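Trainee: Got a sequence here, can you model it:
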Amino acid sequence: MRGRRDPEDGARTERGYNLFAVKFRLRSYTPQDFEIIHEVDQRCFEKEIAYSRAEMRAYLKLPGAECVIAESGPGKIAGFCLAAHEKGVGYLVTMDVLEKYRRQGVGGALLEEMEKRLAARGAQEMWLETATDNEPAIAFWNKHGYRKQGTRKNYYPNGRDAYTMRKKIADSG
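Mentor: Numbers count the residues shown, from 1 in each chain. I've put the predicted structure just below:
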């Protein structure tokens, strides 16, 4: 996972989320969203880190893949969260929130929804990676209960390291 600074938690309304001046709803990914989520990924990350179309397609086909979309209006994607799970373990591939929607609850809502979905499908814990020099992302993950488990050297281009982080999302029995 390529962590980044992300929004605060939001308050749920009957129709979705209503935060400050931003209203959005969460929904499941459909194949028609592919080009838009790819574009969002390209805008959220530097070229060396952003996923190619082939990489994004491969992640969407992983066993237990799940993608949640935050939509600010018809066809207007504010962000998305892509994860997969297998044998009781969830892995957060990426969470992308466009800059103008950050710190407004979109990321927290996406993460909460993803954790609920994967727990309902049998995942008991979630893992992710985030850059060791991305302090806002580290703070976001810590705020949401993720804890450092180790460091992966040279995980990112240009020799950047990543923390591996984990959170228990369901009881084992």
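Trainee: average pLDDT for stretch 39-56?
Mentor: Rounded to a whole number, the mean pLDDT of stretch 39-56 is 94.
Trainee: Tell me if I'm right that residue 70 and residue 111 touch.
Mentor: No. Residue 70 lies out of contact with residue 111 (Cβ atoms under 8 Å); the separation is 10.6 Å. Heads up, the C-betas are built off the backbone N, CA and C, glycines and all.
Trainee: what about those two, which has more around it?
Mentor: More neighbours surround residue 70 than the other of residue 70 and residue 111, with 30 against 27 (other Cβ atoms under 10 Å).
Trainee: How about the secondary structure of that one?
Mentor: Assigned with DSSP: H, G, I helix; E, B strand; the rest coil, residue 70 falls in the strand class.
Trainee: ok, now which ones touch it?
Mentor: For residue 70, the contact set (Cβ atoms under 8 Å, 6 or more residues apart in numbering) comprises 24-26, 77-80, 97, 101, 106, 109-110.
Trainee: Neighbours of residue 53, how many?
Mentor: 12.
Trainee: Could you measure from the nearest residue to it once chain neighbours are set aside over to residue 57?
Mentor: Leaving aside its sequence neighbours, residue 53 sits nearest to residue 38 (Cβ to Cβ, 6 or more residues apart in numbering; 5.7 Å). From residue 38 over to residue 57 the distance is 9 Å, taken as Cβ to Cβ, to the nearest Å.
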